[in-house]
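J.: Got a predicted model here, sequence first, then my questions.
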Amino acid sequence: QVQLVESGGGLVQPGGSLRLSCAASGSIFSINAMAWYRQAPGKQRELVATVTNGGSTNYADSVKGRFTISRDNAKNTVYLQMNSLKPEDTAVYYCSADLTTTRNHNMGLMGYSRYWGQGTQVTVSS
């Protein structure tokens, strides 16, 4: 059983900052990439940022220079530091992890499966 639990969402004024966290727990053998996605009302879910297990990062153009993704491999946790927030950043933010479970590893099954968190609401409004 694997769980991803997000925290840190809330209401913030334009120009403010928030830090999201997402901790993966359970029978995890290894985690490859971790990422943050977001979905605004009436829109499709979009990729915000990714980080590999080696620390390489990638960002959507809309958040470059404002958001920073990072991870703590010892804690199986990924973070998203969001600065200079804008109303258009309002969305439900989801974390994901591409991982191998201990069970699958012991069975010799190759590859990673993507797991998702439950989402955390971020609202940017004055």
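T.: Sure thing, it's come through. Numbers count the residues shown, from 1 in each chain.
J.: pull the helix or strand with minimum mean pLDDT from this protein.
T.: helix 102-106 (a mean of 88; mean pLDDT, DSSP states H and E).
J.: packing partners for that helix?
T.: strand 28-39 (3 or more Cβ pairs under 8 Å, 6 or more residues apart in numbering; DSSP states H and E). Just so you know, the C-beta spots here come from the backbone N, C-alpha and C atoms, and that holds for glycine as well.
J.: Quickly run through the sheet partners of the strand it packs on, with directions.
T.: Within its sheet, strand 28-39 is paired with strand 46-51 (antiparallel), strand 91-101 (antiparallel), according to DSSP bridges.
J.: quick one on the thing from earlier: just the residues contacting the least confident helix or strand of the chain, thanks.
T.: The contact list for helix 102-106 (Cβ atoms under 8 Å, 6 or more residues apart in numbering) reads S27, I28, F29, S30, S113.
J.: can you count the residues close to the residue nearest to the third one when sequence neighbours are not counted?
T.: Nearest-residue entry for F29: H105, 4.0 Å, with adjacent residues in sequence omitted and distances by Cβ to Cβ, 6 or more residues apart in numbering. Here the neighbour count serves as a burial measure; for H105 (other Cβ atoms under 10 Å) it reads 14.
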